[in-house]
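Enquirer: Sequence isn't available, so here's the structure alone:
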């Protein structure tokens, strides 16, 4: 999962690089960012990622207790109902695309609206693939088959990249080609691939609306709070884009969206990957009533994501200018140096809270594996309200858009702390001492690495892009090894996990 999600984040950065290079960091790019708001809203209205999080514990419970016919019957009912709801919502969003885009584009140049509406309508069918695909992939997670779920986001990104590179010359419609590539990638990655994997493993589906089927009621009890809740991780980009538009600067929506995507790279590689990998195991411990193993597993997972998330933030903080230049200093993007500098500032602000973002998927799936969604979603919905208030205050009190990333960091930190103590209230104390020790010791090593990295950035590197890329890779590797050996000297147990992983990887390379 880490390898696949690492590739996904790399391809995500390549995607943003290609879009910025081909279309610049200006009105066209803003139109694309605003176009994604309607599809994202549809995704969240049908629970989004929470759909699979509510389904996995139910399916896993039936699967591990040898009620597999019931598991497939529940799957059939859930897929049938969600398909109907998705079609209705997508149709409504298609009809009302113009007023919705206009709302999110308030304060922007009116020229962004028409292409944003067209791209929104192209992207809307992709949400059917994402939503139903999340249920298909959930059955694979529950059976501990991770290859197809890991590849799905990579295929989506490849479709988007190819759409940006080649379709404009074929379709002659500029940035709108990106939406067509995204649609193709979504369908292939989230529908075609998982259906093929499920067929190979043996799966069953028959359209059904038999809500009396055992397990269906449990699924709806888990998923309804997700549908009616508005979790901060899923809403943060939507809210940020709305407030960003109010500042009115051309390209600013792309600046905030791109810097936020960069910040989420380590979140996806470490936080989400480890949370997804641990989720079926946690659900199995709950099903077999081994809460001692549950507490041990979730504590170890939290310590691991902290150990990996802290240096990720330190490296992004130190190397932000070089990262932005290497990724986005090409083509039309070079015509907007002011926006590139703004992207650097935003990335540095976002990087401070990367480690708390990495904690959230682990804590949320800790609740979901307990078959509890109401409490975490109530907490996250409340924190979304706090985030909106912070953004409103930031916009009203300061003309500096950089206050929006600051508001994001504050809300994310408050959410992680609240979720942690709420989970302890349900399962008992986790390894507090170990978690605090990891934060303090890894934080100290991270500070050393950040200072070392910043010192390296002061060394002249010349103007060659190739030399700059090689220098950045070398400096990041040096800082990573320094962090590893510092924490090894501190005897952090997570270094053993990293050592085993590297040794295993080396063996595979030698083979």
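Expert: Nice, I can see it. The structure presented is a predicted model; accordingly, all values stated were derived computationally and were not measured. Numbering: from 1, shown residues only.
Enquirer: The residue nearest the centre of the chain in helix, strand or coil?
Expert: Residue closest to the average C-alpha location in the chain (CA atoms, centre = their mean): residue 268, at 5.3 Å. Following DSSP: H, G, I helix; E, B strand; the rest coil, residue 268 is assigned to helix.
Enquirer: correct me, but it touches residue 7?
Expert: No. Applying CB atoms under 8 Å as the test, residue 268 and residue 7 come out as separate, 10.4 Å apart. From N, CA and C alone the C-beta is placed, and that goes for glycine too.
Enquirer: Was I right to think residue 395 contacts residue 244?
Expert: No. With contact defined as CB under 8 Å, residue 395 does not count as touching residue 244 (9.3 Å).
Enquirer: Common neighbours of these two, please.
Expert: Residues touching both residue 395 and residue 244 (CB atoms under 8 Å, 6 or more residues apart in numbering) are residue 404.
Enquirer: more neighbours, the two?
Expert: Set residue 395 next to residue 244 and count neighbours by other CB atoms under 10 Å: residue 244 wins out with 27 against 18.
Enquirer: residue contacts, the more buried one?
Expert: Residue 244 neighbours (CB under 8 Å, 6+ apart): 252-253, 256, 401, 404.
Enquirer: From these, pick the one nearest residue 183.
Expert: residue 253 (21.1 Å; CB to CB).
Enquirer: now the closest one: how far from residue 247?
Expert: Applying CB to CB, to the nearest Å, the value for residue 253 to residue 247 is 9 Å.
Enquirer: Then residue 104?
Expert: Distance from residue 104 to residue 247, counting by CB to CB: 13 Å.
Enquirer: Pick out whichever of the two has more residues nearby.
Expert: Neighbour tally, residue 104 and residue 247, criterion other CB under 10 Å: the higher count belongs to residue 104, 25 against 16.
Enquirer: where does the stretch 101-250 of the chain dip in pLDDT?
Expert: Scanning the stretch 101-250 of the chain for pLDDT under 70 picks out the ranges 225-231.
Enquirer: hmm, 90 instead?
Expert: Along the stretch 101-250 of the chain, segments meeting pLDDT under 90 span 103-112, 127, 129-154, 156-157, 167-175, 190, 194, 196-242, 245-250.
Enquirer: residue ranges for the helices of it, please.
Expert: 113-142, 147-171, 176-187, 193-201, 216-228, 232-247 (DSSP state H, counting those that start in this stretch).
Enquirer: possible to save the ones you listed as a markdown table with distance to residue 367?
Expert: Formatted as a markdown table, these follow (distance: least, CB to CB, whole Å):
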| stretch | distance to residue 367 |
| --- | --- |
| helix 113-142 | 16 |
| helix 147-171 | 21 |
| helix 176-187 | 28 |
| helix 193-201 | 25 |
| helix 216-228 | 10 |
| helix 232-247 | 13 |
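Enquirer: nearest to residue 17, of the ones you listed?
Expert: Nearest to residue 17, of all those, is helix 147-171, at 9.1 Å by CB to CB.
Enquirer: buried sites along that closest one?
Expert: 148-165, 167-168 (16 or more other CB atoms under 10 Å).
Enquirer: Around residue 366, count how many other residues there are.
Expert: As a burial measure, residue 366 scores 30 neighbours (other CB under 10 Å).
Enquirer: which is the next helix or strand following the helix or strand where it lies?
Expert: Secondary structure from DSSP states H and E places residue 366 in helix 354-369. Following helix 354-369 in sequence order, the next helix or strand is helix 374-397 (DSSP H and E).
Enquirer: what mean pLDDT does that following helix have?
Expert: Rounded to a whole number, the mean pLDDT of helix 374-397 is 89.
Enquirer: That helix - contacts with which helices or strands?
Expert: Helices and strands touching helix 374-397, by 3 or more CB pairs under 8 Å, 6 or more residues apart in numbering; DSSP states H and E, are helix 216-228, helix 232-247, helix 354-369, helix 403-427.
Enquirer: Recalculate using a threshold of 10 Å.
Expert: helix 49-64, helix 216-228, helix 232-247, helix 354-369, helix 403-427 (3 or more CB pairs under 10 Å, 6 or more residues apart in numbering; DSSP states H and E).
Enquirer: Quick one: mean pLDDT for the fourth one?
Expert: When you say that, I think you mean helix 354-369. Looking at helix 354-369 alone, the average pLDDT works out to 89.
Enquirer: I figured residue 42 was touching residue 96, is that so?
Expert: No. If you go by CB atoms under 10 Å, residue 42 and residue 96 don't touch, sitting 11.4 Å apart.
Enquirer: With neighbour numbers in mind, choose between those two.
Expert: Using other CB under 10 Å as the criterion, residue 42 and residue 96 rank with residue 42 on top: 24 against 11.
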